[in-house]
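Novice: Predicted model follows, preceded by the sequence.
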Amino acid sequence: METRTQPEHKASGGVGWAPFIFLFPFLLFLVLFWLTPLISGVKMSLESNGLGAVEFVGFEHYYALANDERYFKSIRNSFIYTIASVFLILPLSLWLAHLLQSTFRQLRPLLTFGLLLPALTPPAVLATLFLMVFHGREGLLNQLFILPLGLNSINWLKDPDFILIGLVLQTVWRWTGFMTFFIMAGMEGIPKTYYEVAKLVTSSRWNHFRYVTFPQLRSVLVFVSIYLIVDGFSLFSGAFVLLGGSGGTADAGLLTISYIFQKTRFFEYGSAAAISISLLPIMLFALFAFIFLRRRH
Amino acid sequence: MKNSYFVHSSFLRSSFSALLLAPFLLAVLYPFLWMVLGIFKTNHEFFQPLRIWPMSPFNAEYWRVLADTFLPNEFSIGNIQDLVFGKWVPFRDVFMNSIVSSFGQALGAVVLSAMTGYAFATLKFFGKNVFFVIVLAIILVPRQLFAVPLFSWLNTLGFNDSIFGVIFPGVITGLGVIYFTQIFRKIPVEYIQVARICGASEFRIFITLLSLIWPALLSYAMIHFVLAWHEHLIPMLVLTTDSQQTLPLALAKLYDVSQRTPQGVQMAASTFSLIPTALLFALCHRKFKSSLSEMLVH
């Protein structure tokens, strides 16, 4: 990812105990609050549901999941939600960053901060505002856009066709400004000389973007995508406030984390852990894809 | 900023970009404006429907109706008082809990990730590659995913209903380690070599370098603070007493329809929940951006 990697042999002064003193605090917390719960999750997924005395049930929870329609629905929803938000947010924030960079310099901080504001707001608040402002026949979105277009007003909370779209819109609202900020930071780091060379070759602004800006922003874009994907899979707060922890009408908005949470309400800890563990292969696949991408350049 | 491609945008192009940005800004900020004005509204005013369709925007009536629905009849602070003096939830406790928990997580995350990042960038040790893969795995497996075993393990450790049960898992961050590894790699290797020749211990070198990278420390602390401020699931499982809870939990409770909290109080709580993070960003987002662009340069 970086062309200026240090030759390691030059920097390897600290042989002996030094590295472990630096790594120890992190390792301690890692083992205590990440690795142990993960392993105990594997154990938990093999035990019966309920509190108190549990017995070993083997892969029973996993077999149950294989026949659980709601489980597949929640995974499908989480996938759609995550992928839709990445593909909407990335181009939009690239464009907004470009616009912000080419507008008046005095206006720039104010505009950026305005766009950034939703990212600073707790998702619970965003969900509520979204609902109150856009929801119902009287909501702004319906009054200004949907009704004048001659369409029926949308019930964002009850209509199964629109619950997931509503969640995606919220995410776009939440993260676009923040990602714009990251992309702007990346753009400002691109050396001007690259553009000077590009201008000698072509005067088309699109080509400058295509052959200089975009390739130079690669590491920012990879970071932004990973951030959004991880955030998409761990979304809870927004959906919880909007749908009260349920999946909404016909489970149209049931996300994986919400489903895990529902299981805990009935103390079905074994099933809940099995859902979590069943997602690990997906994450591992993403991990290898990530390492592969890093290796390639 | 000096080496940017965009410095020489013409006046026309700048205006055109501003014009294109305006609707986005309006769409993003409108709900926030509505939230702040909502503090002063009664429930009746709050739910007063906006009925401007099918009026024409070229009619004065359109704008009168818009202003009427939008603005409160009077600016009274009754709702803020109700909220702050704990009529609905112990708001001051909850707010302080959130500050303590987010600050603790930000501080812990910065210290741990900076130390680990330093080791990754400048030291050689056994199992470095394996450890790096683990760090990537931490990024990809968010702790919300295994919230249930984490929660029962925290119970076993005795962190039930304790703020530390939220802080301790929250200081582990893979993103932070990667971030600080990159930051320390940008420091010229000669600095470190000279320090080593002069006989400085690794720890001494680390502490000295921290003063060089403080914008990066601040930036990461800020971003981690925001993430911790928004965390909902883990606190919800761990913290059970009302006065121990954090803001997102209190907000969810206020929003719950069965609680019948006045809308104005809900909006006041929402507004307060935004102030610390917004303030933090407003104060240091330039520093943050320049430290990011430095890191992202190839």
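Specialist: Great, that's in hand. Computed from a prediction, not measured in an experiment: that's the story for all the values here.
Novice: what's the first-to-last distance across stretch B:37-54?
Specialist: Its first and final residues considered, stretch B:37-54 spans 25 Å by C-alpha to C-alpha, to the nearest Å.
Novice: Identify the residues contacting stretch A:122-130?
Specialist: Residues from elsewhere that reach stretch A:122-130 (C-beta atoms under 8 Å, 6 or more residues apart in numbering or on different chains): A:118, A:121, A:156, A:166, A:169-170, A:173-174, A:235, A:237-242, B:31-32, B:34-35, B:229-230, B:232, B:247-248, B:251-252, B:255, B:266, B:270, B:273-274. Where you see a C-beta, it was placed from the backbone N, CA and C, and this is true even at glycine.
Novice: what ranges of the stretch 1-150 of chain B fall below the confidence cut-off?
Specialist: Residue ranges of the stretch 1-150 of chain B with pLDDT under 70: B:1-9, B:53.
Novice: would you list every one of the helices in it?
Specialist: B:11-38, B:43-46, B:60-70, B:78-84, B:91-122, B:128-140, B:147-157 (DSSP state H, counting those that start in this stretch).
Novice: can you check the stretch 51-200 of chain A too?
Specialist: A:60-66, A:69-101, A:108-120, A:123-134, A:140-141, A:163-188, A:192-201.
Novice: Which of those helices has the lowest mean pLDDT?
Specialist: Ranked on mean pLDDT, the bottom entry among the helices of the stretch 51-200 of chain A is helix A:140-141, at a mean of 69.
Novice: Any chance you could give me stretch A:275-285 in CSV, C-alpha atoms only?
Specialist: The C-alpha coordinates for stretch A:275-285 follow below in CSV (Å, rounded to 0.1, in the frame of the first residue of the first chain):
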residue,chain,number,x,y,z
ILE,A,275,-25.7,-17.1,14.5
SER,A,276,-22.6,-15.1,15.4
ILE,A,277,-20.2,-17.9,14.8
SER,A,278,-21.9,-18.9,11.5
LEU,A,279,-20.9,-15.4,10.2
LEU,A,280,-17.2,-15.9,10.9
PRO,A,281,-16.5,-17.8,7.7
ILE,A,282,-17.9,-14.8,5.7
MET,A,283,-15.6,-12.5,7.7
LEU,A,284,-12.7,-14.8,7.2
PHE,A,285,-13.3,-14.8,3.5
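Novice: quick revisit: separate out the buried members of the contacts of stretch A:122-130.
Specialist: Those of the contacts of stretch A:122-130 that meet the buried threshold are A:118, A:121, A:156, A:166, A:169-170, A:173-174, A:235, A:237-242, B:31-32, B:34-35, B:229-230, B:232, B:247-248, B:251-252, B:255, B:266, B:270, B:273-274, by 16 or more other C-beta atoms under 10 Å in any protein chain shown.
Novice: what would the helices of the stretch 1-150 of chain B look like in TSV with distance to chain A?
Specialist: Putting these into TSV (distance: least, C-beta to the nearest C-beta, whole Å) gives the following:
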stretch	distance to chain A
helix B:11-38	4
helix B:43-46	8
helix B:60-70	9
helix B:78-84	14
helix B:91-122	4
helix B:128-140	5
helix B:147-157	3
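Novice: ok, residue A:186 - contacts?
Specialist: Here residue A:186 is in contact with A:216-217, A:219-220, B:292-293, B:296 (C-beta under 8 Å, 6+ apart).
Novice: now do residue A:223
Specialist: Here residue A:223 is in contact with residue A:182 (C-beta under 8 Å, 6+ apart).
Novice: Distance of it relative to residue A:264?
Specialist: According to C-beta to C-beta, to the nearest Å, residue A:223 stands 32 Å off from residue A:264.
Novice: Could you give the average pLDDT over stretch A:217-235?
Specialist: On average, stretch A:217-235 scores 83.
Novice: Please save the CA atoms from that stretch in PDB.
Specialist: Presented in PDB, the C-alpha positions along stretch A:217-235 are these (Å, rounded to 0.1, in the frame of the first residue of the first chain):
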ATOM      1  CA  LEU A 217      -7.200   7.800  -3.700                       C
ATOM      2  CA  ARG A 218      -7.200   4.000  -3.900                       C
ATOM      3  CA  SER A 219      -6.100   3.500  -0.300                       C
ATOM      4  CA  VAL A 220      -8.700   6.000   1.000                       C
ATOM      5  CA  LEU A 221     -11.400   4.200  -1.000                       C
ATOM      6  CA  VAL A 222     -10.300   0.800   0.300                       C
ATOM      7  CA  PHE A 223     -10.400   2.200   3.900                       C
ATOM      8  CA  VAL A 224     -13.800   3.800   3.400                       C
ATOM      9  CA  SER A 225     -15.300   0.600   1.900                       C
ATOM     10  CA  ILE A 226     -14.000  -1.600   4.700                       C
ATOM     11  CA  TYR A 227     -15.300   0.900   7.300                       C
ATOM     12  CA  LEU A 228     -18.700   0.900   5.700                       C
ATOM     13  CA  ILE A 229     -18.900  -2.800   5.300                       C
ATOM     14  CA  VAL A 230     -18.000  -3.500   8.900                       C
ATOM     15  CA  ASP A 231     -20.400  -0.700  10.100                       C
ATOM     16  CA  GLY A 232     -23.200  -2.100   7.900                       C
ATOM     17  CA  PHE A 233     -22.900  -5.500   9.500                       C
ATOM     18  CA  SER A 234     -22.800  -4.200  13.000                       C
ATOM     19  CA  LEU A 235     -25.700  -1.700  12.500                       C
END
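Novice: In that stretch, which residues are buried?
Specialist: A:217, A:219-221, A:223-224, A:226-235.
Novice: out of those residues, which are inside helices?
Specialist: The helices, defined by DSSP state H, take in A:219-221, A:223-224, A:226-233 from these.
Novice: which residues are contacting the helix or strand hosting residue B:250?
Specialist: Using DSSP states H and E, residue B:250 maps to helix B:247-255. Helix B:247-255 is contacted by residues A:122-125, A:128, A:237, A:240-241, B:88-89, B:91, B:94-95, B:97-98, B:229-232, B:235-236, B:239, B:259, B:261, B:265-266, B:269-270, B:273 when judged by C-beta under 8 Å, 6+ apart.
Novice: ok so, going back, any idea which of the helices of the stretch 1-150 of chain B gets closest to residue A:260?
Specialist: helix B:147-157 (6.5 Å; C-beta to C-beta).
Novice: now residue B:188: how far from chain A?
Specialist: 9 Å (C-beta to the nearest C-beta, to the nearest Å).
Novice: wait, I meant residue B:86
Specialist: According to C-beta to the nearest C-beta, residue B:86 and chain A sit 19 Å apart.
Novice: Spatially nearest residue to the residue nearest to the spatial centre of chain B (excluding sequence neighbours)?
Specialist: The centroid of chain B falls nearest to residue B:226 when counting by C-alpha atoms, centre = their mean (1.6 Å). Distance criterion C-beta to C-beta, 6 or more residues apart in numbering or on different chains; nearest residue to residue B:226, sequence neighbours excluded, is residue B:277 at 5.1 Å.
Novice: how much space between that neighbour and residue B:265?
Specialist: 21 Å.
Novice: Same question for residue A:146.
Specialist: Counting by C-beta to C-beta - residue A:146 and residue B:265 are separated by 30 Å.
Novice: The two - which one has more neighbours?
Specialist: residue B:265 (23 against 17; other C-beta atoms under 10 Å in any protein chain shown).
Novice: can you tell me the helix or strand for that one?
Specialist: helix B:263-296.
Novice: Can you list the buried residues in that helix?
Specialist: B:263-274, B:276-278, B:280-281, B:284-285, B:288-296.
Novice: now that helix and helix A:163-188, what's the angle there?
Specialist: 40 degrees (axes from the mean of the first three to the mean of the last three C-alpha atoms, to 10 degrees).
Novice: Now do helix B:263-296: distance to the chain's middle.
Specialist: 7 Å (C-alpha atoms, centre = their mean, to the nearest Å).
Novice: residue contacts, the spatially closest residue to residue B:90 that is not a sequence neighbour?
Specialist: Nearest residue to residue B:90, sequence neighbours excluded (C-beta to C-beta, 6+ apart): residue B:243, at 4.7 Å. For residue B:243, the contact set (C-beta under 8 Å, 6+ apart) comprises B:90, B:93-94.
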